[in-house]
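A.B. asks: predicted model follows, preceded by the sequence.
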Amino acid sequence: MSKRIIAARALLADAITGEDGQATVETAFGIAAIVAVMLAAVTGLVAVATYLGLTDAAGSIARAHARGDAETVAQLREGLGGEVSIEEDAATVRVTVTGAVGLITMEAAAVALSEKAAAQ
């Protein structure tokens, strides 16, 4: 056999059995795992921030409704991206605000003492 054929066989054998490219594959899997973890972390942070916003909105709406400030309640409901339900009894006002982050639906509630009940 000629030296060219022997060199070609040796090169082919190295290509088949060698580990060239293994580091590239491991790096690709590592980067994909890091991206997935970071995406989950960012989604969690957005969910927490959304829940805090919903809780704050529920408290503000409950206090405004308990004061009898219909204009403020309307403005707060308008600026909110979720659903608002208001339940009122003789002494308290309960507000529940529902919102979503992706596929996660969250609900926050607040209760305020009605001004009428506080005056009595």
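C.D. replies: Perfect, thanks for sending it.
A.B. asks: count of neighbours near residue 62?
C.D. replies: Applying other C-beta atoms under 10 Å, we find 25 other residues in the vicinity of residue 62. The way it works is simple: take the backbone N, C-alpha and C, and place the C-beta from them, glycine included.
A.B. asks: ok, then the element right after the helix or strand hosting it?
C.D. replies: Assessed by DSSP states H and E, residue 62 sits inside helix 22-67. Using DSSP H and E, the next helix or strand after helix 22-67 towards the C-terminus is helix 70-79.
A.B. asks: just the buried positions in that following helix, please.
C.D. replies: Residues 73, 76-77 are the ones in helix 70-79 that count as buried (16 or more other C-beta atoms under 10 Å).
A.B. asks: send me it as PDB with only the CA atoms.
C.D. replies: Below are the C-alpha coordinates for helix 70-79, written out as PDB (Å, rounded to 0.1, in the frame of the first residue of the first chain):
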ATOM      1  CA  ALA A  70     -65.600  55.300  44.100                       C
ATOM      2  CA  GLU A  71     -63.400  57.400  41.700                       C
ATOM      3  CA  THR A  72     -60.200  56.000  43.100                       C
ATOM      4  CA  VAL A  73     -61.500  52.500  43.000                       C
ATOM      5  CA  ALA A  74     -62.400  52.900  39.300                       C
ATOM      6  CA  GLN A  75     -59.000  54.300  38.500                       C
ATOM      7  CA  LEU A  76     -57.200  51.500  40.300                       C
ATOM      8  CA  ARG A  77     -59.400  48.900  38.600                       C
ATOM      9  CA  GLU A  78     -58.800  50.400  35.200                       C
ATOM     10  CA  GLY A  79     -55.000  50.400  35.600                       C
END
